[in-house]
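> give the three-dimensional model of this entry:
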Amino acid sequence: VVAPGFMFIAGPDYTGVGIHTGYESGDAEDDTNIDEGGIVLQGFLPEDDPSHRLSNVESLEERVQRLIDNAVTLDDSAVRPIPIEGHDDEENNGGLEAAQSNTSGEDDEAGKSGDSSCSPWFLALWLLVIAGCIILAIALPLSLRGNVENATADTKASLSDAECLPGSVDTRFELAKSILSSITSPDLLVDESTPQGKAIRWVACEDSISVQLLGNQDPSTGNIPKQKHGFLLSGDAGEEHVIRRYILATVLYSTSQVSPWTDSLNFLSPDLHECNWHKNFTRQNFPFGDFDPVGVFCIIDKGELSSPSSPINIYDEFLMDDENYPLRYMEINLRIDNNLNGPLPPEFGYLRDLKTIGLENNIQLTGQLPQTMGNMSSLFSLTLILNGPTLGGELPSALFRLPNLKHIHFQDNLGDKWSLPSNVEIDDDAQLERFILSRNNFAGTIPTWLAQLNHLRTLDLSTNNFHGSIPAGIGNLSSLKYFNLMENNLTETIPSTLGKLAEIEVLVLGNNKLQGELPTAIGNLQTLKILDVGFNEMTSTIPSSFGNLESLKYLVLDSNRFNGTVDVLESMKNLTVLLIRSNSFSGSLPEGLLSETFDNVAVDIGDNKFTGFLPSSFANMSNLVSLIGAKNSFADGATQTAVCDNNSLLVMDCNACECCEVCCDGEDDLCDFQLDVGKLLGYDCGSWFAVCLKEAEYYSGFGMY
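You can find the predicted model right below:
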């Protein structure tokens, strides 16, 4: 209800339609919308109730007057100024009487003038419209402000209402948010439905260690207490400790969104240092023997602390906290089926003290590896084995620039969308030595930037869906010892630049669609022990330069279109496995073939065009354990009786072997029998196959990771 000289405004206690608490101008805390000298009334104007209409056809003048007559105040009096401390009622009532007198005078004058625009009902309507506009202008922003304040209050209430540790949880939350906003968007932190929102609430509310740090901030510096010793890289700042525990909590919440982990592994134990967040299992494939800590554990190197005066025998030993020594590295071993479900969060990539990552048998992991993993400056080894079909995507390019990363091992992961980045600028200090992507459905071409990994010793891209050509730049990897591209869809020719791999020992290019000739330059590889180009579409003869391969022990040329003689093989003094089945080789076998080796010898020369007799040296070789020679054109009786006596597995054409108990008559399945190159060379070990070979010690020395 408004009269001349009065102002009708919503106060902070607004609780319903039209209800107001008023202030005298100048005395309210927020009176920016009150005219100087105006008086604000307490009361409200009711909504227009049609049942109160004076008649079915009510004029505008009648409606306005009815609304004014039905105005209701919050007390028993008529509309009046609210008493304000420091002002007596007489002053307030006097102001009201003056205003009413002024109103009455103005009404009289309006009546005398006969001007319809100044009639009382029109004046009242005009004042009512103005009052409504003022109320709307003030109430709306206050209402919006109230919504924001209510949202903030709800966030705080959700913390305050929880069973939090003593102290100001709201203060701890705000401090934690200021610390964690460097790695997580504040919007995610305040949203308690996100893994990040859940993690910060655990940190500020339940985590004893973080609460102790956050609750003791130095008011002069703004810093929180330091750790006992911390980590050698990230230091001993308390903020780093809070960040580390928050990240690990985020990892748990992000990978348990559908259902919880099978075993918590002591994660989120509020009174335990995070180096205790693991449980011990017994397995055979861990660097520490049967002792296999699954979860988070910390290791310290002897060299970091030992001195002649104070030797410390804790090389590669576990520390459960930083109470007595600074920690060197953190490791995460989740190589068990523990029902991890959901993606690895971006925060995972900010674990700067993390040395090794092992994820295995987690079928419900989803998404890509976080691009933020480029921040893991301590990362030494990354292992993903037997994870699920929804984990995949392009590997983060920043991984390949990490200065300490030496081992990447991906094997038997079920995802079908894995790929390598097309372009990576490799830093000079990149140290990657062992890069294994075996049996993972990686697709695309083999990127040329791999040739920039100058420290690479093992490159295994076998059993994937790579297509295109073999990058010629691979030949510049002077430290490369093991190179396996078996079972892809590679085409074109073998680049001659591979002849520059001065330290190569294992070169496996089998089961592709490679064409053309064997490069003569391969004969320069003095250290080569295994050469497999079987099951391709290659042609021509064996280059004479292959006679220089004095270290070669395993030669696989199966199922190509090679031709000519095999005389050059006689000079390979260490050759023990010769698999050249299903080609068009011809002529007789050289007399000295395989005669100078003392290891067990296996030969598959079936389905060719060989003639003559078997070498006489075969009769004297007690180490010739397997000989497959069926589907050739050997002479009648080409096999000596001694060969039959010495061989545990012998398959020849019936006309060429009178001493054979079974033989190929040209029609039975025995004629197509062939040695299993995988089992023979240890391919059944997967990407570990070189571990099966005693001479490949360079490969087996890396242990679990």
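> need the nearest residue in space to residue 548, chain neighbours excluded.
In space, residue 548 comes closest to residue 523 once its chain neighbours are excluded; the distance is 4.8 Å by CB to CB, 6 or more residues apart in numbering. C-beta here means a position set from N, CA and C on the backbone, and glycine is covered the same way.
> then residue 165?
Leaving aside its chain neighbours, residue 165 sits nearest to residue 211 (4.8 Å; criterion: CB to CB, 6+ apart).
> in whatever helix or strand that neighbour lives in, what's buried?
Following DSSP states H and E, one finds residue 211 within helix 208-214. Buried residues in helix 208-214, counted by 16 or more other CB atoms under 10 Å: 209-211, 213-214.
> how much space between the residue nearest to residue 548 and residue 572?
Computed as CB to CB, to the nearest Å, the residue 523 to residue 572 distance reads 11 Å.
> wait, a helix at residue 450?
Yes: looking at residue 450 with DSSP: H, G, I helix; E, B strand; the rest coil, it is inside a helix.
> got the contact list for stretch 431-439?
400, 403-412, 418, 450, 453, 455-464, 479, 484, 686-687, 702 (CB atoms under 8 Å, 6 or more residues apart in numbering).
> quick one: contacts for the closest residue to residue 397 other than its chain neighbours?
Among residues not flanking residue 397 along the chain, residue 421 sits closest, at 4.1 Å (CB to CB, 6+ apart). The contact partners of residue 421, taken as CB under 8 Å, 6+ apart, are 394-397, 400, 447.
> please report phi then psi for residue 421.
Taking degrees, to the nearest 10, you get phi -60, psi 140 for the backbone angles of residue 421.
> cool, residue 626 as well?
Dihedral angles for residue 626 - degrees, to the nearest 10 - are phi -140, psi 130.
> quick one: it from residue 650, how far?
Using CB to CB, one gets 8 Å for the distance from residue 626 to residue 650.
> circling back to that earlier point, make a markdown table out of the contacts of residue 421 and add distance to residue 243 and pLDDT.
Output for those, formatted as a markdown table (distance: CB to CB, whole Å; pLDDT from 0 to 100):
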| residue | distance to residue 243 | pLDDT |
| --- | --- | --- |
| 394 | 27 | 95 |
| 395 | 25 | 96 |
| 396 | 20 | 95 |
| 397 | 25 | 94 |
| 400 | 25 | 94 |
| 447 | 34 | 97 |
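> CSV for those residues, including neighbour count?
Converted to CSV, the contacts of residue 421 look like this (neighbours: other CB atoms under 10 Å):
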residue, neighbour count
394, 15
395, 22
396, 20
397, 17
400, 24
447, 17
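> show me the strands in the stretch 301-450 of the chain, by range?
Secondary structure of the stretch 301-450 of the chain (DSSP state E, counting those that start in this stretch): strands located at 317-319, 329-334, 341-343, 354-360, 364-366, 381-385, 407-411, 434-438, 443-445.
> okay, the residue nearest to residue 248 when sequence neighbours are not counted: pLDDT?
Counting by CB to CB, 6+ apart, the nearest residue to residue 248 once its immediate chain neighbours are dropped is residue 274, at 5.8 Å. We have a pLDDT of 96 for residue 274.
> cool, residue 676 as well?
76.
> pretty sure residue 245 is in a strand, no?
No: Residue 245 is assigned helix when assessed by three-state DSSP, not a strand.
> does it touch residue 207 like I think?
Yes: counting by CB atoms under 8 Å, residue 207 is a contact partner of residue 245 at 6.1 Å.
> ok, now which ones touch the nearest residue to residue 616 once chain neighbours are set aside?
Leaving aside its chain neighbours, residue 616 sits nearest to residue 591 (6.4 Å; criterion: CB to CB, 6+ apart). Each residue near residue 591 by CB under 8 Å, 6+ apart is listed here: 570, 615-617.
> tell me how far residue 558 lies from residue 552.
The gap separating residue 558 from residue 552 is 16 Å, by CB to CB.
> wait, I meant residue 400
Per CB to CB, residue 400 is found 32 Å from residue 552.
> same question for residue 503.
Relative to residue 552, residue 503 is positioned 15 Å away (CB to CB).
> pick out whichever of the two has more residues nearby.
Neighbour count, other CB atoms under 10 Å: between residue 503 and residue 552, residue 552 has more, with 24 against 16.
> do a quick rundown of the helices in this structure.
60-69, 89-113, 120-160, 169-180, 186-190, 195-205, 208-214, 238-254, 302-305, 641-646, 677-681, 697-700 (DSSP state H).
> pretty sure the residue nearest to residue 248 is touching residue 242, no?
No: between residue 274 and residue 242 there is no contact under CB under 8 Å: 11.1 Å.
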